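>>> model the structure of this input:
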Amino acid sequence: MTDDKLAVKRTLAGNKKAFESIIEKHQRLVSHIVFRMIQNPADREDICQDVFLKVYENLGGFQFESKLSTWIAKIAYNTCLNYLEKKRVPLFDDLSTEHGTLETVSDCSIRPDQIVEGREVSSLLQNEIEKMPVHYQTILTLYHLEQMSYREIEETMQLPEGTVKSYLFRARRLLKNRLMAKFKREDLCH
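Numbering: from 1, shown residues only. Sure thing, here's the model as predicted:
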């Protein structure tokens with residue numbers, strides 16, 4: 001029996017620690033989705049809690065036809081969509097103005113100036129990603145940060161696999177074009 005199956009079984013039997021382990025294991029995934037899709041910082045934590053409440057309430061119906069992480073990601077995605085629909089936030093516009101951070105890998109052999117430069121690049125990437133339409137942000141997050149397969153993203157976002165691939169291609173192209181334009185402008189100034 002896998003760790004996920006065991007945790008689900010124990011949770012359904014009333015073991016609170018087992019559900020806490022599910023939350024701990026999938027908190028990063030839920031946070032990535034919510035923080036990409038929801039721009040209002042005040043609502044993000046509430047939505048994350050709402051996601052795990054829905055996971056708990058519906059855990060008995062989970063059949064392990066997909067990975068538990070895919071099922072939880074789908075709940076997170078749908079919860080965010082419901083929030084955006086209630087707030088009447090357009091899903092295909094540039095939505096974000098908030099600044100976030102990308103995770104960086106620490107390496108003792110990297111010089112301080114390289115760390116600063118890496119942070120600047122991460123910040124630039126983050127800012128450009130946040131300016132993208134929500135569906136592009138979400139697909140980039142699921143594919144690159146959460147390392148989900150096309151199939152898992154298809155299940156999570158309820159999109160055909162071809163659409164997932166197309167959106168990922170377009171998101172990468174849009175990000176590349178924005179970064180190229182930005183670097184060309186900066187090169188001209190120096």
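
>>> next SSE after the one helix or strand in the chain whose mean pLDDT sits lowest?
Every helix and strand in the chain was compared by mean pLDDT, DSSP states H and E; the lowest is helix 112-130, with a mean of 67. The first helix or strand that comes after helix 112-130 along the chain, using DSSP states H and E, is helix 134-140.

>>> which strands or helices does that following helix pack on?
Using 3 or more Cβ pairs under 8 Å, 6 or more residues apart in numbering; DSSP states H and E, the elements in contact with helix 134-140 are helix 16-37, helix 112-130, helix 150-157, helix 161-189. All C-beta spots, glycine's among them, are computed from the backbone N, C-alpha and C.

>>> again, only this time at 10 Å
For helix 134-140, the packing partners by 3 or more Cβ pairs under 10 Å, 6 or more residues apart in numbering; DSSP states H and E come out as helix 16-37, helix 68-87, helix 112-130, helix 150-157, helix 161-189.

>>> list every C-alpha atom in the first one, with coordinates, as PDB.
The C-alpha atoms that make up helix 16-37 are tabulated as PDB, following Å, rounded to 0.1, in the frame of the first residue of the first chain:
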ATOM      1  CA  LYS A  16      -6.000  13.400  12.400                       C
ATOM      2  CA  LYS A  17      -2.200  13.000  12.200                       C
ATOM      3  CA  ALA A  18      -2.700  11.200   8.900                       C
ATOM      4  CA  PHE A  19      -4.600  14.100   7.400                       C
ATOM      5  CA  GLU A  20      -2.000  16.500   8.700                       C
ATOM      6  CA  SER A  21       0.600  14.400   6.800                       C
ATOM      7  CA  ILE A  22      -1.500  14.800   3.600                       C
ATOM      8  CA  ILE A  23      -1.700  18.600   4.200                       C
ATOM      9  CA  GLU A  24       2.100  18.800   4.800                       C
ATOM     10  CA  LYS A  25       2.900  16.700   1.700                       C
ATOM     11  CA  HIS A  26       0.600  18.700  -0.600                       C
ATOM     12  CA  GLN A  27       0.700  22.200   0.900                       C
ATOM     13  CA  ARG A  28       3.400  23.400  -1.600                       C
ATOM     14  CA  LEU A  29       1.300  22.200  -4.600                       C
ATOM     15  CA  VAL A  30      -1.800  24.000  -3.300                       C
ATOM     16  CA  SER A  31       0.100  27.100  -2.500                       C
ATOM     17  CA  HIS A  32       1.700  27.300  -5.900                       C
ATOM     18  CA  ILE A  33      -1.700  27.000  -7.600                       C
ATOM     19  CA  VAL A  34      -3.500  29.400  -5.300                       C
ATOM     20  CA  PHE A  35      -0.700  32.000  -5.400                       C
ATOM     21  CA  ARG A  36      -0.500  31.900  -9.200                       C
ATOM     22  CA  MET A  37      -4.300  32.200  -9.700                       C
END
